[in-house]
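Just to be clear, the model below is a prediction. Sequence and coordinates:
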Amino acid sequence: MNAPETRLDLPYYSPCGQEEAIFESAWRNRLPLLIKGPTGCGKTRFVAHMAARLGLPLYTVACHDDLTAADLVGRHLIVDGDTRWSDGPLTRAVREGGICYLDEVVEARKDTTVVLHPLADDRRILPIDRTGELLEAPPNFMLVVSYNPGYQNLLKGMKPSTRQRFVSLRFDFPEGERETAILLRETQCPADLARRLVGIAHGLRQLKDQDLEEAVSTRLLIYAALLVRDGMDPVVACRAAIVDSLTDDPEVAEALMEVISATFGR
Ligand SMILES: Nc1ncnc2c1ncn2[C@@H]1O[C@H](COP(=O)(O)OP(=O)(O)OP(=O)(O)O)[C@@H](O)[C@H]1O
């Protein structure tokens, strides 16, 4: 196999450590994986990259507080007057031997635990009560879940009995040079702009604990770079893509704008 950085056919992912080896080893050993980290730091891109690298189908589900076990497993639908069973994304991934990625899994309703637990331990089974089926996950199947520990309240945190079924990876924002390289690769913006945006991110991330719920993500830096590349003034672009996406508070916004104006010499 070619080195990952030369595989232009794969979704681009710049690794920061051993995460690719850990993912592959977990997959080979039929272990489920939990990825935790702030919003927009590369979790989804990483899973897309690994699925393509391993040649596996990927089913991604963005979990929300109305998501039930039936949304994952499937339900009976009425089609032309007939009742037909329709597999949900989890069932499809199990049948096909692919990856099911549940993004923000702690948001989902508690009844999803009933289907996730037997799949995430060594039983690797998916009971489908409504059809009476009991699916055994094939070797290629992998369950991957993610969550953002930052804005979870205690009640929404993961129960130990769930967490302890997973191998876990902790993600954070890429360090300076790597984040600059990601910006260049994702936006083809000038190198100087990428460096300044990453400098702004470092400045703002230091303010994070005081005033902001979440730190500025790599995703927002990419948005800002795209607006500037499109001809927009960098300070205006950073206000729209970074500051006003991070906060509603006018005073906090002004404090963030000071970092940005200083960076662009205004
Ligand atoms: N290591 C990386 N390699 C390549 N691109 C990256 C990397 N980290 C972040 N990115 C870029 O940042 C964007 C946001 O990352 P991604 O969508 O994977 O975030 P996430 O952690 O899944 O966020 P959320 O928790 O909100 O779903 C990606 O579309 C990609 O452009």
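Structure's in. What do you need?

What is the burial count for residue 173?
23 (other C-beta atoms under 10 Å). Quick note: C-beta positions are derived from backbone N, CA and C, even for glycine.

Surely residue 91 is in contact with residue 73?
Yes. Residue 91 is within contact range of residue 73, at 5.4 Å (criterion: C-beta atoms under 8 Å).

residues shared between the contacts of those two?
Residues touching both residue 91 and residue 73 by C-beta atoms under 8 Å, 6 or more residues apart in numbering: 126, 128.

Could you report the separation of the spatially closest residue to residue 158 that is not a sequence neighbour from residue 19?
Nearest residue to residue 158, sequence neighbours excluded (C-beta to C-beta, 6 or more residues apart in numbering): residue 106, at 5.7 Å. Distance, residue 106 to residue 19, using C-beta to C-beta, to the nearest Å: 21 Å.

Likewise for residue 255?
In terms of C-beta to C-beta, residue 255 sits 34 Å off from residue 19.

Over to residue 123?
27 Å.

the more surrounded of those two?
Taking neighbours as other C-beta under 10 Å, residue 123 and residue 19 compare with residue 19 leading, 19 against 12.

List phi and psi for that one.
In terms of degrees, to the nearest 10, the main-chain angles of residue 19 are phi -60, psi -30.

what residues go with each domain of this protein?
Per automatic domain parsing, the domain ranges recorded for the chain read 4-170, 176-263.

could you give the mean pLDDT of the first one?
Per-region confidence: domain 4-170 scores 92 on mean pLDDT.

Does it reach the ligand?
Yes. Using C-beta under 6 Å from any ligand atom, domain 4-170 reaches the ligand at 12-14, 37, 39-45, 103, 148.

What subset of these is buried?
Among the residues of domain 4-170 next to the ligand, the ones that count as buried by 16 or more other C-beta atoms under 10 Å are 13-14, 37, 40-45, 103, 148.

In contact with the spatially closest residue to residue 134 that is not a sequence neighbour, which residues?
Spatial nearest neighbour of residue 134, chain neighbours left out: residue 127 (5.2 Å); criterion: C-beta to C-beta, 6+ apart. Shown in contact with residue 127 (C-beta under 8 Å, 6+ apart): 115, 118, 133-135.

tell me the secondary structure for residue 127?
strand (DSSP: H, G, I helix; E, B strand; the rest coil).

interface residues of the stretch 151-266 of the chain facing the ligand?
Residues of the stretch 151-266 of the chain found near the ligand (C-beta under 6 Å from any ligand atom) are 174, 182, 186, 218-219, 222.

Do a quick rundown of the helices in the stretch 151-266 of the chain.
Along the stretch 151-266 of the chain, the segments classed as helices by DSSP state H, counting those that start in this stretch run 160-163, 176-187, 191-211, 218-229, 234-238, 244-246, 250-263.

got the end-to-end distance for stretch 182-191?
Using C-alpha to C-alpha, to the nearest Å, one end of stretch 182-191 lies 11 Å from the other.

Let me see the residues that make contact with it.
So stretch 182-191 is contacted by 12, 14, 42, 174, 180, 194, 197-198, 218, 221-222, 225-226, 228-229 (C-beta under 8 Å, 6+ apart).

Buried ones among these?
Among the contacts of stretch 182-191, those classed as buried by 16+ other C-beta under 10 Å are 14, 42, 174, 180, 194, 197-198, 218, 221-222, 225-226, 228.

now, among the residues you listed, which is nearest to the ligand?
Using C-beta to the nearest ligand atom, residue 42 comes nearest to the ligand of those, at 2.5 Å.

residues touching the closest one, list them.
Going by C-beta under 8 Å, 6+ apart, residue 42 touches 13-14, 171, 174, 182, 218.

that older thread, please tabulate the contacts of residue 127 in a markdown table and include neighbour count as additional columns.
Shown next, in a markdown table, are the contacts of residue 127 (neighbours: other C-beta atoms under 10 Å):
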| residue | neighbour count |
| --- | --- |
| 115 | 22 |
| 118 | 16 |
| 133 | 14 |
| 134 | 11 |
| 135 | 19 |
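
Perfect, that will be all.
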